[in-house]
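Student: predicted structure and sequence below. I'll ask about it afterward.
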Amino acid sequence: MKILLPVDGSPSSSRAVRYVIRHWGGKSAKRRVSLTVLYVDPPLPNRVARVLPAEVRASYHEDHAELAVRPARRALRKAGLKFEERHAVGDPAMFTVALAAKQRCDLIAMGSHGRGALLSAVLGSVVMKVLSRSRVPVLVVR
């Protein structure tokens, strides 16, 4: 089973990681599960990106990725699960959907911040966008 695990370093993201460990992390499951931990950092606004050198922008995104992935990395290693890490800059929902399709994942497991339908509609929700665009089944952990 191939599972894509998008993370952002939040408590809801950590709950999704723990759920995956609990349900697919047993000794017998280790050989059957292929995990990809994904962090997608939204791009900087154009007015900011234009004035920053490329190496500063890259360092900024690398720092964000490290902070977001660290809790998942620690938990998965502690559970003894092998995983691949992917970091990207772009639209988190669109990159998640595209990567899941490209890797032919069986499942996208992600955490929800639980803002509710109205607030998600106003603020936009990565989970809602993934749910509406993905052909791969999505497991939302709250």
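Tutor: Thanks, I have it.

Student: next up, the contacts around L35.
Tutor: For L35, the contact set (C-beta atoms under 8 Å, 6 or more residues apart in numbering) comprises 3, 5, 20, 24, 76, 81-84. In this view, the C-beta of every residue, glycine as well, is placed from N, C-alpha and C.

Student: same thing but 7 Å
Tutor: Applying C-beta atoms under 7 Å, 6 or more residues apart in numbering to L35 gives the contacts 3, 5, 76, 81, 83.

Student: what about the fourth one, neighbour count?
Tutor: By the other C-beta atoms under 10 Å criterion, the neighbourhood of L81 contains 18 residues.

Student: look at it and tell me its secondary structure.
Tutor: coil (DSSP: H, G, I helix; E, B strand; the rest coil).

Student: separation between it and R22?
Tutor: Noted for L81: a distance of 11 Å to R22, by C-beta to C-beta, to the nearest Å.

Student: next SSE downstream of the least confident helix or strand in the chain by mean pLDDT?
Tutor: When the helices and strands of the chain are compared on mean pLDDT, DSSP states H and E, helix 117-123 comes out lowest with a mean of 48. Using DSSP states H and E, the helix or strand that follows helix 117-123 in sequence is helix 126-133.

Student: thanks a lot, see you next time.
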